[in-house]
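pasted the sequence and its predicted model underneath.
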Amino acid sequence: QVQLVESGGGLVQPGGSLRLSCVASTSFSFSGYSVAWYRQATGKQRDLVASITSGGTTNYTNSVKGRFTISTDNAKNTVYLQMNSLKPEDTAAYYCNARRHLFGSVWSDFWGRGTQVTVSS
């Protein structure tokens, strides 16, 4: 069974940094998958934060451009989200997602259970 496990969340002051990690189970490889980080604040919908395609193309939501960086380490089967200059509005549970189109309307889609990020003084 595929597992994605996020870590690296915590409490940080405004202006601080955190690096989130998403590690895949040993039976799974990110190769061929687009991987993304989503976040969900309390009482709000889950939104895309950043994504990276299997070809390395990255995309960021406007509010994190220039502050967050998504990257992958295929040797470690890990995806990272480096978050700098954190703001209170970045407070949310952050989720890792891996997705790949298989055929027709069928997609392979996996989620982690999330890691909490709280930005507060």
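Right, received. Where do you want to start?

show me the strands in this protein, by range?
4-7, 10-12, 18-24, 34-40, 47-52, 58-60, 68-73, 78-83, 92-103, 106-111, 115-119 (DSSP state E).

which of those has the lowest average pLDDT?
Of all the strands of the chain, mean pLDDT reaches its minimum on strand 106-111 (a mean of 91).

and for the closest residue to Ser121 other than its chain neighbours, the neighbour number?
In space, Ser121 comes closest to Gln13 once its chain neighbours are excluded; the distance is 5.4 Å by CB to CB, 6 or more residues apart in numbering. To be clear about C-beta, it is placed using only N, CA and C from the backbone, and glycine gets the same treatment. Gln13 is flanked by 10 other residues according to other CB atoms under 10 Å.

show me what contacts Gln13?
Going by CB atoms under 8 Å, 6 or more residues apart in numbering, Gln13 touches 119-121.

if the residue lying closest to Ala92 once chain neighbours are set aside is in a bridge, with which residues?
Once flanking residues are discounted, Ala92 sits nearest to Arg39: 3.8 Å by CB to CB, 6+ apart. Counting by DSSP bridges, Arg39 forms beta bridges with Asp47, Tyr94.

count the neighbours of Arg39 for me.
Quick note: Arg39 (other CB under 10 Å) scores 22 neighbours.

next, Thr42: phi, psi?
Here the main-chain torsion angles of Thr42 (degrees, to the nearest 10) amount to phi -60, psi 130.

excluding chain neighbours, what is closest to it?
That would be Ala92: by CB to CB, 6+ apart, it lies 8.0 Å from Thr42.

for the residue nearest to Ser85 when sequence neighbours are not counted, give its distance to Ser7.
Take Ser85 and drop its neighbours on the chain: the residue closest to it by CB to CB, 6+ apart is Arg67, 4.7 Å away. Using CB to CB, to the nearest Å, one obtains 20 Å as the distance from Arg67 to Ser7.
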